[in-house]
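*Asks:* One predicted model, sequence on top.
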Amino acid sequence: MTICILLLKILAILFILFFSKIIIISIFFYREIQAARAKDPAAKSFLEVLLLYQGLHALISHRIAHFFYKLKLFFLARLISQFSRHLTGIEIHPGAQIGKGLFIDHGMGVVVGETAIIGDNVLLYQGVTLGGTGLEKGKRHPTIGNNVVIGTGAKVLGNITVGDNSYIGANAVVIKDVPPNSTVVGVPGRITKQDGKKIDISLDHIHVLDPIMQNIEELEKRIDKMEREG
Ligand SMILES: CC(C)(COP(=O)(O)OP(=O)(O)OC[C@H]1O[C@@H](n2cnc3c(N)ncnc32)[C@H](O)[C@@H]1OP(=O)(O)O)[C@@H](O)C(=O)NCCC(=O)NCCS
């Protein structure tokens with residue numbers, strides 16, 4: 001009988017702890033949970049996002065790891081982020097600075113480097129890398145503005161800035177600054193839309209980020225000229 005009462009007490013304590021944790025997370029991560037609900041049509045309820053979305057869990061771990069990182073407890077910070085990485089498949093370095101309302105959809109394979117800065121209301125899909133380009137020290141990872149969406153598999157590399165409200169297409173490789181309100185696709189990334197207007201890369205030479213395309217255009221012009229002259 002006493003064992004039954006003891007078990008019931010333990011269960012009650014676990015239940016209370018679980019609910020307290022849920023309430024605390026709901027309060028501190030309300031904006032992130034709402035972001036997931038707004039940006040993922042498959043998200044059916046607040047509770048589903050809270051309990052089952054690994055993007056949210058990675059972010060909760062990151063907030064704790066970042067707290068210890070700022071206290072210069074680097075090993076503990078890294079331990080938490082690595083543990084979270086094993087659970088969620090999302091690797092966020094504890095040094096990364098992340099704004100409010102980040103939603104990491106699906107998440108698996110996302111990597112965020114130590115000196116990356118992410119603004120508010122950003123959406124990252126699976127396989128996104130915010131990485132460095134070499135062995136340089138100091139600020140070597142990108143700065144992502146507010147309301148940016150980075151498509152699945154995209155790599156944003158180096159100490160570059162992606163302006164507010166920009167969209168990086170799936171699998172793009174971005175190695176240069178992106179102005180605000182732009183859409184970038186391809187390898188290396190080129191701007192296809194800015195301020196809501198489509199950019200015709202054959203006419204535009206300001207927004208082209210692709211040196212290969214520039215060479216091809218140059219060759220085309222020379223061939224045209226030779227054909228006209230010949
Ligand atoms: C870039 C993206 C946002 C489209 O933006 P858009 O402004 O509507 O662009 P459009 O569809 O008008 O395409 C513009 C041009 O870019 C090309 N394009 C679009 N997406 C591209 C991509 N990811 N990679 C390479 N080229 C791409 C189009 O073929 C088109 O080329 P064209 O002008 O020669 O015909 C979208 O294609 C994308 O990549 N979204 C990512 C979504 C994602 O990751 N989802 C994950 C769900 S799990």
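*Replies:* Done, it's in.

*Asks:* How confident was the prediction at the residue lying closest to Asn171 once chain neighbours are set aside?
*Replies:* Counting by Cβ to Cβ, 6 or more residues apart in numbering, Asn171 lies nearest to Gly153, which is 4.3 Å off, once chain neighbours are set aside. All C-beta spots, glycine's among them, are computed from the backbone N, C-alpha and C. Gly153 carries a pLDDT value of 98.

*Asks:* One more: the one 4 residues further on?
*Replies:* Listed pLDDT for Leu157 reads 97.

*Asks:* Return the residues in contact with it.
*Replies:* By Cβ atoms under 8 Å, 6 or more residues apart in numbering, the residues touching Leu157 are 129, 131-133, 142, 173-175.

*Asks:* Run through the bridge partners of it.
*Replies:* Gly131 (DSSP bridges).

*Asks:* what does the chain put close to the ligand?
*Replies:* Proximity of the chain to the ligand is confined to 106, 125, 151-152, 167, 169-171, 183, 185-186, 192-193 under the rule Cβ under 6 Å from any ligand atom.

*Asks:* Looking at those residues, which are in strands?
*Replies:* Per DSSP state E, strands hold the following members of those: 167, 183, 185, 192-193.

*Asks:* Tell me how far Thr129 lies from the ligand.
*Replies:* According to Cβ to the nearest ligand atom, to the nearest Å, Thr129 and the ligand sit 13 Å apart.

*Asks:* which strands and helices sit next to the top helix by length along the chain?
*Replies:* Longest helix in the chain by number of residues (criterion: DSSP state H): helix 2-28. With contacts defined as 3 or more Cβ pairs under 8 Å, 6 or more residues apart in numbering; DSSP states H and E, the packing partners of helix 2-28 are helix 46-52.

*Asks:* Outside of the helix it packs on itself, which residues are in contact with it?
*Replies:* So helix 46-52 is contacted by 22, 25-26, 33, 36-37, 43, 56 (Cβ under 8 Å, 6+ apart).

*Asks:* Put the buried members of the residues you listed into a PyMOL selection.
*Replies:* Listed next is the PyMOL selection for buried residues among the contacts of helix 46-52, using 16 or more other Cβ atoms under 10 Å:
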select buried, resi 25+33+36+37+43+56
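
*Asks:* Distance from the lowest-mean-pLDDT helix or strand in the chain to the middle of the chain?
*Replies:* Least confident helix or strand of the chain, by mean pLDDT, DSSP states H and E, is helix 211-229 with a mean of 83. Chain-centre distance of helix 211-229: 38 Å, with Cα atoms, centre = their mean, to the nearest Å.

*Asks:* My read is that Asp164 contacts Gly119, right?
*Replies:* Yes - with contact defined as Cβ atoms under 8 Å, Asp164 reaches Gly119; the gap is 7.1 Å.

*Asks:* Give me the more crowded residue out of the two.
*Replies:* Gly119 (20 against 17; other Cβ atoms under 10 Å).

*Asks:* ok, the more buried one - contacts?
*Replies:* 99, 144-148, 164.

*Asks:* again, 7 Å this time
*Replies:* Counting by Cβ atoms under 7 Å, 6 or more residues apart in numbering, Gly119 touches 99, 144-146, 148.

*Asks:* and which of those residues is nearest the ligand?
*Replies:* Val148 (11.7 Å; Cβ to the nearest ligand atom).

*Asks:* burial count for Gln34?
*Replies:* 15.

*Asks:* and the gap between it and the ligand?
*Replies:* In terms of Cβ to the nearest ligand atom, Gln34 sits 20 Å off from the ligand.

*Asks:* Now for Asp164 and Gly119: what residues contact both?
*Replies:* With Cβ under 7 Å, 6+ apart, Asp164 and Gly119 have common neighbours 145-146.
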